[in-house]
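sequence first, then the predicted structure:
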Amino acid sequence: MGFETQDVERKVLSILRVLSDSRESLGARVIAQRLKEYGVELGERAVRYHLKLTDERGLTRLVGRRDGRMLTERGVEEVKSALVKDKVGFAISRIELLAFRTSFDSEKRSGLLPVNVSFYPEKKLGKALQAMRPAFEAGLCVSDLVATASEGERLGDLLVPEGRIGLATVCSIVINGSLLKAGVPTDSRFGGILQIRNHHPFRFVELIHYAGCSLDPTEIFIMAKMTSVGGVARRGEGNILANFREIPALCRPIAQQVVAKLKEAGIGGLLVMGDTSEPVCEVSVEPNKIGIILIGGLNPVAAAQEAGIEAENRAMSTVMEYQDLIKFHELLN
């Protein structure tokens, strides 16, 4: 990129990432606030200085009379390719951030939940929902609570782009966040493809460790068309999206209570809770820990992909208020 120092380069890339996560122009003040999510402390004045650099290099452009900026095509490409080594582990950082932002209270039925967001062409949402229906009815989701938004509206922090409809589905990180609030440390190890046999979890056939990945594993598996969620919904046989976690064995009673309370509030996601130090679905577990398998929140979206209805997916993307979500079947009426 030709900047003077590596430190400046990282700050510029962080600014570009903030802009890439937004569907509208952002000013220096908003960018400075959102940079804190990436652990970057940069004042409004410093952000303006760096934005001048990105303008000069054709990575951003000024929108309107104020200091709002948007990425150029060159800026979009820069975010995709720059500093790959800095993006390794991005998925695990995102999990930790969304777990921290989760404030859902299962007893009061209020607070923020982490969600995945998928953008569909307006004319294809109806067909996508029909393709998802068997997956929701079979419980191949974290929750049957969803939300939709039209172009120009928001789902959490994300603005729905022109010509699209956004669909939010509850993310399995809600369990991470709820365990965190209960004082249970959670080690998020990997996302993978879980083979289902005779309606029961059998083994992982593919996996990607969060700590060594610069992309979200779920998005990769969906794009690669490696799932057969529809087959699992219909026959109990096939491959679904799932995630593997570990918790201290001593925390089992607390974890069971947390999961039970979430279930009462219409939020599931737990497929398997193993025994102390014992392998779970052929995955080894650290001594004095318990392996947990969580179902992937984007399984219904994967089912639509299998039916030929593609979406732009933003896994682990934002948080939404519980009360802003509705039952999936309400969308079919």
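Thanks, I have the structure now. Bear in mind that the values here come from a model prediction, so they are computed numbers and not experimental data.

low pLDDT regions in the stretch 151-300 of the chain?
For the stretch 151-300 of the chain, residues meeting the criterion pLDDT under 70 lie at 214.

give me that answer again for 90
When residues are selected by pLDDT under 90, those of the stretch 151-300 of the chain lie in 152, 154, 157-162, 210-217, 219-220.

would you map out the domains in the chain?
As assigned by automatic domain parsing, the chain contains the domains 6-86, 88-333.

and among these, the most buried is which?
Of all these, domain 88-333 carries the top mean neighbour count, a mean of 19, counting by mean count of other Cβ atoms under 10 Å. C-beta coordinates here come from the backbone N, C-alpha and C atoms, glycine included.

gap between that one and the chain center?
Offset of domain 88-333 from its chain centre (Cα atoms, centre = their mean, to the nearest Å): 8 Å.

show me what the helix ranked longest in the chain packs onto, helices and strands only.
Across the chain, the helix with the greatest residue count (assigned by DSSP state H) is helix 6-20. Helix 6-20 sits against helix 28-35, helix 44-56, strand 69-71, helix 73-81, with contacts defined as 3 or more Cβ pairs under 8 Å, 6 or more residues apart in numbering; DSSP states H and E.

so can I have CSV of these showing mean pLDDT and distance to residue 306?
CSV is the format used below for those (pLDDT from 0 to 100; distance: least, Cβ to Cβ, whole Å):
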stretch, mean pLDDT, distance to residue 306
helix 28-35, 88, 35
helix 44-56, 89, 40
strand 69-71, 88, 32
helix 73-81, 80, 26
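
and of those, who's closest to residue 327?
Residue 327 lies closest, by Cβ to Cβ, to one member of these: helix 28-35, at 31.8 Å.

what's the angle from the closest one to helix 44-56?
Helix 28-35 runs at 100 degrees relative to helix 44-56, counting by axes from the mean of the first three to the mean of the last three Cα atoms, to 10 degrees.

would you map the strands across this structure?
For the chain, applying DSSP state E gives strands covering 60-62, 69-71, 112-121, 145-149, 154-155, 158-159, 164-170, 187-197, 200-209, 238-248, 270-273, 289-295, 312-321, 326-327.

so for the fourth one, mean pLDDT?
Model confidence over strand 145-149 averages 96 on the pLDDT scale.

between that strand and strand 312-321, how many degrees?
Going by the same axes, to 10 degrees, strand 145-149 makes 110 degrees with strand 312-321.

ok so, going back, among the helices and strands packed on helix 6-20, which comes closest to residue 162?
strand 69-71 (13.5 Å).

alpha carbons of stretch 321-328, as PDB, please.
The C-alpha coordinates for stretch 321-328 follow below in PDB (Å, rounded to 0.1, in the frame of the first residue of the first chain):
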ATOM      1  CA  GLU A 321     -33.000  -7.300  20.300                       C
ATOM      2  CA  TYR A 322     -34.800 -10.500  21.200                       C
ATOM      3  CA  GLN A 323     -38.100  -8.700  21.000                       C
ATOM      4  CA  ASP A 324     -37.400  -7.700  17.400                       C
ATOM      5  CA  LEU A 325     -37.500 -11.300  16.300                       C
ATOM      6  CA  ILE A 326     -40.500 -13.300  15.100                       C
ATOM      7  CA  LYS A 327     -41.400 -17.000  14.600                       C
ATOM      8  CA  PHE A 328     -40.300 -18.300  11.200                       C
END
